[in-house]
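Trainee: have a look at this fold, sequence not included:
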């Protein structure tokens, strides 16, 4: 891949390249409702998967797999799982909050032209993995890093991504025929969009405010 | 922050901006041994924390905190925890593999001029969080997304980052005085470097090869 080769030859990042990275990070959104039906070209899909595959991984185990789903029937199976989990979740919110929760658009499983499931194979590269022995969750975290790389790469391709976590992962496993020992980490809706929101939708809806960074930063100790 | 404002005003990513993102992703490394002692300017630290704070989070809960550690005594406490976990881990590898494991440089806790601990406050924003009810691990995953944003932002600032996972998180909590209900997610070494390796060090050392992407991609179902 040419971009990969360029990255290796000249590894200093210029100020304009740095600013491009920040632009991608700050304009990335969790997209639920602005998907266009246009197909995503195969070479674009390959590029975002390639970016995901270059995430950091504990002990270089690369525990991820990617299931690219365009089939409407398969996606309907995921959507059914969302509906179930969504009803269960709604029941947990009290009165006014429940009404607000139910008014939110929370997924674009059938609206986007494709979904990508990212998984974690905890048995990959054997039982003993460098860096995972004191913290067994590290391999799951590696797959999450792959999700975030994919998300930013997609944003850089002007593609929207929405992470649907309102679905039981056992349901996802069943619908996609994922082996028992593989853990589903994310269902991502992926597609071109009519626009990107300027700020997160939950912030706009008044669900929660953006916290002030300075309240989250500690020095030397907590 | 000016960059943030620019991202909002013009949200289409150009091909050259896209390629800059890919360059950052492909040239990011887990740095252990090439740290320079030079201090990282405060405005640079603020920018990478700002990028971390703009990671996606489940139900917009923003569960992360950041502890910025320069003090040598505090870092020595983390390093002691690494030594303990490193000895325990070494004992789990068999003969030849153990020898190789022990020959690897795996952390730069005292070499880098600073460390940043990223945590997850699972109680933030209350008991019921949108998207976390079916998958309780989602808030931890949000903090991991913040780690990956920080890592890429640091790379874009030509800073090396190394995630030290060979340390028990309870030890990290104790050294940094982190409250019981907060989960340490990552200890990151951060600093300028003499150079970035072209490929991951564990790949260069022959520990594991880079897998072929095509073996990790499935279509429609597993």
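Mentor: Sure, I can see it. Given the structure is predicted, the values throughout are model-derived calculations rather than measurements. Numbering: from 1, shown residues only, chains lettered A, B, ... in the order given.
Trainee: going by C-alpha atoms from here, please, whenever you check contacts or count neighbours.
Mentor: OK.
Trainee: which parts of chain A are helices?
Mentor: All helices of chain A, identified by DSSP state H, fall at A:2-9, A:15-27, A:42-53, A:72-90, A:95-103, A:138-156, A:169-176, A:201-204.
Trainee: tell me the gap between the third one and the middle of its chain.
Mentor: Counting by C-alpha atoms, centre = their mean, to the nearest Å, helix A:42-53 is centred 14 Å from the centre of its parent chain.
Trainee: for the last one, same thing?
Mentor: Offset of helix A:201-204 from its chain centre (C-alpha atoms, centre = their mean): 18 Å.
Trainee: give me the mean pLDDT for that helix.
Mentor: When pLDDT is averaged along helix A:201-204, the result is 94.
Trainee: give the other helices and strands that that helix contacts.
Mentor: On a contact count with 3 or more C-alpha pairs under 8 Å, 6 or more residues apart in numbering or on different chains; DSSP states H and E, helix A:201-204 meets no helix or strand.
Trainee: in it, which residues are buried?
Mentor: Neighbour counts over helix A:201-204 (16 or more other C-alpha atoms under 10 Å in any protein chain shown) mark A:201, A:202 as buried.
Trainee: contact partners of it?
Mentor: Residues outside helix A:201-204 that contact it (C-alpha atoms under 8 Å, 6 or more residues apart in numbering or on different chains): A:208, A:209, A:210, B:59, B:60.
Trainee: now do the contacts for the closest residue in space to residue A:188 that isn't next to it in sequence.
Mentor: Among residues not flanking residue A:188 along the chain, residue A:163 sits closest, at 4.6 Å (C-alpha to C-alpha, 6 or more residues apart in numbering or on different chains). Residue A:163 is in contact with A:30, A:107, A:186, A:187, A:188, A:189, counting by C-alpha under 8 Å, 6+ apart.
Trainee: which of these sits closest to chain B?
Mentor: Using C-alpha to the nearest C-alpha, residue A:30 is the member of these that lies nearest chain B, at 7.1 Å.
Trainee: any idea of the pLDDT on the residue nearest to residue A:188?
Mentor: 98.
Trainee: I'd like the distance between residue A:203 and residue A:176.
Mentor: 33 Å (C-alpha to C-alpha, to the nearest Å).
Trainee: worst-scoring helix or strand of chain A, pLDDT-wise?
Mentor: Lowest by mean pLDDT, DSSP states H and E among the helices and strands of chain A is helix A:2-9, with a mean of 67.
Trainee: I figured residue A:70 hits residue A:113, correct?
Mentor: Yes. Counting by C-alpha atoms under 8 Å, residue A:113 is a contact partner of residue A:70 at 6.4 Å.
Trainee: more crowded one of the two?
Mentor: The neighbour comparison of residue A:70 against residue A:113 (other C-alpha atoms under 10 Å in any protein chain shown) goes to residue A:113, with 22 against 18.
Trainee: what does the lengthiest strand in chain A rub up against?
Mentor: Determined from DSSP state E, the single longest strand within chain A is strand A:182-192. The contact list for strand A:182-192, computed with C-alpha under 8 Å, 6+ apart, reads A:35-40, A:107-109, A:112-122, A:140, A:143-144, A:147, A:158-165, A:169-170, A:172-173.
Trainee: in the sheet, which strands lie alongside it, parallel or antiparallel?
Mentor: Sheet pairing of strand A:182-192 (DSSP bridges) gives strand A:114-121 (antiparallel), strand A:159-163 (antiparallel).
Trainee: most neighbours per residue, which of the ones you listed?
Mentor: Of all those, strand A:159-163 carries the top mean neighbour count, a mean of 27, counting by mean count of other C-alpha atoms under 10 Å in any protein chain shown.
Trainee: which residues does residue A:25 contact?
Mentor: With C-alpha under 8 Å, 6+ apart, residue A:25 has these contacts: A:152, B:51, B:54, B:55, B:149.
Trainee: how about a cut-off of 10 Å?
Mentor: A:19, A:151-153, A:155-156, B:4, B:7, B:21, B:50-52, B:54-56, B:149, B:152-153 (C-alpha atoms under 10 Å, 6 or more residues apart in numbering or on different chains).
Trainee: now residue A:151
Mentor: Here residue A:151 is in contact with A:24-25, A:28-30, A:48-49, A:51-52, A:145, A:157, A:159-163, A:188, A:190, B:56 (C-alpha under 10 Å, 6+ apart).
Trainee: need the contacts of residue A:163 in TSV with pLDDT, neighbour count and distance to residue A:82, can you?
Mentor: Below are these laid out as TSV (pLDDT from 0 to 100; neighbours: other C-alpha atoms under 10 Å in any protein chain shown; distance: C-alpha to C-alpha, whole Å):
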residue	pLDDT	neighbour count	distance to residue A:82
A:30	97	25	16
A:107	96	21	8
A:186	98	24	13
A:187	98	25	11
A:188	98	28	13
A:189	98	27	13
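Trainee: ok, so of those, who is nearest residue A:84?
Mentor: residue A:107 (13.3 Å; C-alpha to C-alpha).
Trainee: show me where chain A dips below the pLDDT cut-off.
Mentor: A:1, A:5-10 (pLDDT under 70).
Trainee: point out the most buried one among the helices of chain A.
Mentor: Most buried among the helices of chain A, counting by mean count of other C-alpha under 10 Å: helix A:138-156, with a mean of 27.
Trainee: okay, angle between it and strand A:114-121 too, please.
Mentor: With axes from the mean of the first three to the mean of the last three C-alpha atoms, to 10 degrees applied, the angle from helix A:138-156 to strand A:114-121 works out at 160 degrees.
Trainee: just how off-centre is helix A:138-156 within its chain?
Mentor: 6 Å.
Trainee: that helix to helix A:15-27, inter-axis angle?
Mentor: Using the same axes, to 10 degrees, helix A:138-156 lies at 100 degrees relative to helix A:15-27.
Trainee: ok, back up a step: residue B:133 is nearest to which of the strands paired with strand A:182-192?
Mentor: It's strand A:159-163; of the strands paired with strand A:182-192, that one is closest to residue B:133 (C-alpha to C-alpha) at 14.4 Å.
Trainee: how far out from the middle of the chain is the closest one?
Mentor: Mean C-alpha position of strand A:159-163 versus that of the full chain (C-alpha atoms, centre = their mean) differs by 7 Å.
Trainee: likewise for stretch A:50-58?
Mentor: How far stretch A:50-58 lies from its chain's middle: 13 Å, per C-alpha atoms, centre = their mean.
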